Structure formats: structure tokens, C-alpha cells
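**Q** Just a sequence and a predicted model for now, questions to come.
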Amino acid sequence: MESAASLPAASVASPAPRRTTVITSLAAVGIVYGDLGTSPLYTYQTIVSSVGGHASATVAMGLLSLVVWALIITVSLKYCLFVMRADNHGEGGILALMALVTSRTVHGRWSAATLVVMGLFGAALIYGDGIITPAISVLSALEGVNVLTDAFKPYTVPAALVVLLGLFAAQARGTASIGRIFGPIMLLWFVTIAVLGLAGVVRRPEVIFAIDPRYAIGFLAQHGMHSFVVLGGVFLAITGAEALYADMGHLGRNPIRSSWYFVVLPALLLSYAGQTALLIEDPTLDGNPFFKLAPQWAIIPLVVLATLATIIASQAIITGAFSLTRQAMQLGWFPGVHIHQTSADEYGQIYVPFVNWAMMLGTLALTYGFGSSERLAGAYGTAVSTTMLLTTALLYNAMRNIWRWPMLVALLVSGVFLLIDGAFFAANLLKLPEGGWIPLLFGLVVFTIMTTWHRGMRAVAAKLAEGEENPDAFLTELEGGRIPRVPGTAVFLTRTARRIPPVLLNHVAQIKALQETVVTLTVNFEETPRVAESSRAEVQHMADGLWHVVVRFGFIEVPNLVTALMRAKELGCPVRLDDAIFFAARDEVVRSQKHPRLWPWQRMLFAFMYRNAVRAADRFDLPAERFLEIGRQIRL
């Protein structure tokens, strides 16, 4: 029962930074860095393939320098220092950033509509990334056994399919019980890849000089346009950077930053440096250099640990898609779907069946269709690079409108990031024929769903507003005693901000009577993550036994109307929740013969979503035995 109405823009002041402890930092290692942490499994193999499968010492140093500076500029600087500063009351993610900058858009700069399109398309592309990350991660881990023997090759894809199927099937149970071990497992993973990388560095210590950016610049200058092909592989090293921002609301920025600088970044740099040392030592090296770092006896344990790490990385992507879906629903950009809370203690532990099974089908199809992590690397990165580019554009608006930076400073800082993001974006466009179009197409489908839903809901609201009767005439009849009253309490849910909704008028017209206590209830979802309990409900007494209540929820909150009405009762609304009957409209969208509000294809898509959206009783946790729907047709 969304309403377009909202509160004034929330204050942009950030909450007090959360205290950084060993526990919170360990949690960040387990929750945030799965994707970034497992990228050494496939990144260097892809980069080396892009230069012909073999690399001279000079080329290997240039490749390492590119990876090092991609991690430093994009992750250490852009995300850790700048993007994570643009929090929406402590919450992160591109939708939270979109809501933040659109609420403070200044006349004469970027239009709110442009910023909304950027945020929505960037969010939609995360779903495209979500179907490919589990596939490439799990495949790359299981392929490590091929270093020992080729006998396992025919079983790599079937094994990956089994692992992925089990992962998605387990989502309904939640991860609260096993989530506690994510941190220790990922910490063991980072220690392991750091030790393996250090062993390689000790053999060829000259690789540490790759920190000199002249190696990267020299490589780009020497290889010309072919550098874009290489940059498409280098980009794989930073594909999980968005998770730092998206998970900020769960852990706080300081634990995420500290775990990056002191654990994750050193481990990644050592791993990539160790793989480079192998290439310098043996330029004709075949196979995945990551697994070549390990001694023969350690391959199987390393494959097991890598598989666990990729499962954790995939878990983070899947739960991130769940959280993104909930945010989009609350902000009015996604149809209502069933959401199950899988933990009574952890708010972020939710399960969205529709999203889970849709992503599962996409992931399994990609795993089977591509068959190897090396081939999947050709399709990986297009969606993420686009999202990063859009994040930078939104960040510029935060610099100008939120932080009030001078234009020159904002252009200088965001321009550097835009240059890097633009280069990676252009490089990933070269992957389109290799399958890069798949995540982009998936994201475009999601974007179309989101924009069609929002436009359709606005059309419904406008149509309902046209047909509403004069509320003053109804109140006059009610106060004059011309409408019989019967015992009981009725709560009428409405999508509009009108005090007398059409569903109430239709009820009186059909039943010819009204309960003694009547509440018309409007639900607003705000562009802030949470709403203070003191602002949860607003009560207005309109007539004898007739009250209008507005309840508010943040875009990451679970909307429980019974709890919100208890707050309204404290404010003077005499609603009896133990026997109240809840009424809502169940609309059917049909074609308007005279003035259609939607294009034909939009109307059909919207009507399908509208018909299959989750019922209000389920979305708002209302007692099903005391919930009634009133059917009607809406011509759009």
C-alpha cells in the first residue's frame, strides 16, 4: 500500500561511527570481502591469457602494477575514503545513495530524474552481477584439482552445479546459524593466500617494485589499444568493491575499512605478487598460477578451502540481492514479493524466494553454458563496471549537494575516478561478444520491471484520485447520523494520502453501514533507512468514531502494521487490535478505451505484476482471518 507522499528530506548527518573491534572486523572479513577475496582464483589466469598465455618479466611487472593500482585507487581511495562517506543515515548501496542525492538535488544541476535513472540502472545491474559471480567463483575453485590430474575435468561442471544448487536451496533456512563461521573461514583464506604469495615473493623479491606506477603506465603505452583487452582482465581484481558500500549499514564503515587495510589488501597484494613471481621464474608456465603457488600435497586442502570461500562469496552476493529487493520495494520501485525473516535476532537475515530461484536458474544456466571460469571471465565485469561508473556520477552529486564542495575540487576528485572507471567500462565493452551482454541484458530486464512498476503505480494513484468522491459530503452524512453504525473496528488500507479512501466509500455503498470505530490507514515508505519510533505514526480525528492514521517506515525496515497501530493507539486512536477487521482493495488493471495512461506493453507487464504482487496481509503481517479484500477494476 505504497504512497507517493513522503516526509521532508531527512538530515544527512551520519550516525556516530561504530566502534571497531576484533569481532566487528572479523565479521567484515567474512561478510564483505568474499568476492574481492576470491578474485585471485581467476584474475591472473585471465590477465595472462589476454597477453597470449605467456608473459616476459617486463610484461609480468606491468600486469602486477596495473592490479596493484586498481586496488589502491578504486578500493582503497574511491570506496573506502569517498563513497563510504556518502551514507544515508548509516546505510549504503547505490539505491541508498540515489535516495540521498535526489532528496538534496539543487536547481540548475543534475535533474532528479537523471539521478534516479542512474541509481536504478546501477541497482538493476547488481542482479546481473549476482548470477555470474557464484558461477565463476565456484568453477574457479573446483578447477584447482586439475593442477594435480586431468581425471577430474569431466566432473568439474557437474560438481559446480551440485554445489550451486545446494547453495541456493539452503537460502530458505537462512545463514544465522552458520554465519558466525564465515569470518574465521575467510580469515584463514586470507592468511593462506598471503603465505602462498609470500613464498613466491621470497623467491623473486624484485616483484615488490611493481608498486612503481611507471610499470603500469609503460605497459599501457607499449601495448596501445590491446591494453583495453588486458584492463578487462585486471578489472576482475576489483569486482567486489561495491560490497564495501552496500554492507556498510550492517557493520559500519570503520570495521570495513580497518579489515581492508590491515587484512584483505595485504593478502591480495601478496597473492598477486606471488603469482607474478612464478611467471617471472617460468614465463612458459601453464595452468592457473594461483594453484601453482601451492605444493602438491596442499592442492586438495586448498581446493576445499577455496570452495568454502567461494560459497561464502556467493552467499554475500545472494543476500545482497535480497536486501536490494527489499529496498526497491519500500521505495516503490519493485512489486511486492514474499519476504521471509530467517532470524529473530539479525535484521539483515531475510529470504526472498522469487529472487532466489530466478538467480539460481540464471547461475546454473551460465555455469552449464560456459563450462569453465576462463570462458566465464569473458562475460564477467560488464555489469559491475557500469555500476561503478554510475556510482561515481552519483558521488559527484554528493560532493556538490551534500558535502558542499567547490565545483573545481569535486570535478578534480570525481574526474580521476571517472577516468579510471571509464577505462574499465570501455575495456569491458569489448567483452560483449564473449557473453558480456548477458548480465547487461539481465540488468536491463530488471530495470524495465522497476520503471514500469513505478510508472504503473503512479498511474493507478492518479486514476483513483480522479474517481474519489467529495470527502466533505461523506463526513456530513456520517455526522448527521444517515449512515448506520454497527459494533466493531474496521481498518481501511489506502494507497492514497486522502483521508477518505475509495475503498471505504465502496464499503459503505455496498454494506449500507459502518463500524463504530473506523481507521483509514496510509502507509508511507521514506527515503531514509529507518524511522524513529517517535515519528512512526501520526493520528488525526476526523469525525465521531473516524480516525485517519499515517504510519511511516524506512526503506530497510520490516513493515509491521499491527505494531505501528499500537503506537497510534498510544497517541489516542482507540483502535482495538484484537478484533479489528482490515480492508484493502484488490484491483484489476484493464485497458482504457479513451485515455490510456501506459503504453500497451507496459500495461500488460504492469497488470501481470500487479495481479501477482504479494497481498497486503502477507506484506504487512496482518492476521489473515481478519483481512478482507474488495475487488474493483482500474482502467489505465
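**A** Arrived safely.

**Q** and the lowest-mean-pLDDT helix or strand in the chain, what does it pack onto?
**A** Every helix and strand of the chain was ranked by mean pLDDT, DSSP states H and E. The lowest is helix 248-251, at a mean of 74. Contacts defined by 3 or more C-beta pairs under 8 Å, 6 or more residues apart in numbering; DSSP states H and E place helix 248-251 against helix 22-31. All C-beta atoms are positioned from the backbone trio N, CA, C, and that covers glycine.

**Q** Alpha carbons only: can I get the helix it packs on in PDB?
**A** Extracted in PDB, the C-alpha atoms of helix 22-31 (Å, rounded to 0.1, in the frame of the first residue of the first chain):
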ATOM      1  CA  VAL A  22      38.200  -7.600  16.600                       C
ATOM      2  CA  ILE A  23      34.700  -9.100  16.400                       C
ATOM      3  CA  THR A  24      33.300  -6.500  14.000                       C
ATOM      4  CA  SER A  25      36.400  -6.500  11.800                       C
ATOM      5  CA  LEU A  26      36.300 -10.300  11.700                       C
ATOM      6  CA  ALA A  27      32.600 -10.100  10.700                       C
ATOM      7  CA  ALA A  28      33.600  -7.700   7.900                       C
ATOM      8  CA  VAL A  29      36.200 -10.100   6.600                       C
ATOM      9  CA  GLY A  30      33.500 -12.800   6.400                       C
ATOM     10  CA  ILE A  31      30.600 -10.800   5.100                       C
END
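
**Q** Could you list the residues in contact with that helix?
**A** By C-beta atoms under 8 Å, 6 or more residues apart in numbering, the list of residues contacting helix 22-31 from outside reads 18, 179, 181-187, 190, 247, 250-252, 255-256, 258-259, 262-264, 312, 316.

**Q** Ok, stretch 621-631 next?
**A** 503, 506-507, 558-562, 579-588, 615-617.

**Q** Which ChimeraX command selects the buried ones in those?
**A** In ChimeraX, a selection of the buried entries from the contacts of stretch 621-631 looks like this (16 or more other C-beta atoms under 10 Å):
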select :503,506,507,559,561,580,582,583,584,585,587,616,617
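
**Q** So which of the contacts of stretch 621-631 belong to helices?
**A** Taking DSSP state H as the definition of helices, those contribute Val503, Asn506, His507, Leu561, Val562, Ala616, Ala617.

**Q** so Ala141 touches Leu41, yeah?
**A** Yes - taking C-beta atoms under 8 Å as the definition, Ala141 is a contact partner of Leu41 at 6.0 Å.

**Q** Next, show the common contact partners of these two.
**A** Residues within reach of Ala141 and of Leu41 at once, by C-beta under 8 Å, 6+ apart, are Ala306, Thr310.

**Q** How far off centre is stretch 75-85?
**A** Chain-centre distance of stretch 75-85: 18 Å, with C-alpha atoms, centre = their mean, to the nearest Å.

**Q** what's in contact with that stretch?
**A** When contacts are defined by C-beta under 8 Å, 6+ apart, stretch 75-85 is touched by residues 36, 92, 97, 238, 241-242, 244-245, 248, 253, 256-257, 260-261, 265, 391-392, 395, 403, 413, 417, 420.

**Q** Now, of those, which are buried?
**A** Once neighbours are counted (16+ other C-beta under 10 Å), the buried part of the contacts of stretch 75-85 comes down to 36, 92, 97, 238, 241-242, 244-245, 248, 253, 256-257, 260, 265, 391-392, 395, 413, 417, 420.

**Q** Taking the contacts of helix 22-31, please make a PyMOL selection of just the buried ones.
**A** Command for PyMOL that selects the buried part of those, burial taken from 16+ other C-beta under 10 Å:
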select buried, resi 179+182+183+185+186+187+190+247+250+251+252+255+256+258+259+263+264+312+316
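
**Q** Can you flag which of the buried ones among the contacts of stretch 75-85 belong to strands?
**A** Judged by DSSP state E, the subset of these located in strands is empty.

**Q** Am I right that Thr522 is in a strand?
**A** Yes - under DSSP: H, G, I helix; E, B strand; the rest coil, Thr522 falls within a strand.

**Q** where does the stretch 101-250 of the chain dip in pLDDT?
**A** Filtered on pLDDT under 70, the stretch 101-250 of the chain yields the residue ranges 104-110, 175-179.

**Q** Would you map the helices across it?
**A** 112-142, 153-169, 182-203, 213-223, 226-234, 242-246, 248-251 (DSSP state H, counting those that start in this stretch).

**Q** nearest to Lys594, of these?
**A** Closest to Lys594 of the helices of the stretch 101-250 of the chain is helix 112-142 (C-beta to C-beta; 27.6 Å).

**Q** For that closest one, name the packing helices and strands.
**A** helix 34-38, helix 94-103, helix 153-169, helix 299-330, helix 353-370, helix 373-376, helix 382-397, helix 437-467.

**Q** Between those helices, which one is closest to Asp286.
**A** Smallest distance to Asp286 across the helices and strands packed on helix 112-142 (C-beta to C-beta): 12.5 Å, for helix 373-376.

**Q** Does anything pack onto that closest one? Which helices or strands?
**A** Helices and strands in packing contact with helix 373-376 are listed as helix 43-50, helix 112-142; criterion 3+ C-beta pairs under 8 Å, 6+ apart.

**Q** hmm, try it at 6 Å
**A** helix 112-142 (3 or more C-beta pairs under 6 Å, 6 or more residues apart in numbering; DSSP states H and E).

**Q** Give me the buried stretch members for the helix it packs on, please.
**A** For helix 112-142, using 16+ other C-beta under 10 Å, the buried residues are 115-116, 118-142.

**Q** swap in stretch 192-207?
**A** Judged by neighbour count using 16+ other C-beta under 10 Å, the buried positions of stretch 192-207 are Thr192, Ile193, Ala194, Leu196, Gly197, Leu198, Gly200, Val201, Arg204, Val207.

**Q** List the residues that contact the second one.
**A** Yep, that's Ile193 we're talking about. Listed by C-beta atoms under 6 Å, 6 or more residues apart in numbering, the contact set of Ile193 reads Ala267, Ser271.

**Q** likewise the fifth one?
**A** If a contact means C-beta under 6 Å, 6+ apart, then Gly197 has Leu270, Ser271, Ala273, Gly274 as its contacts.
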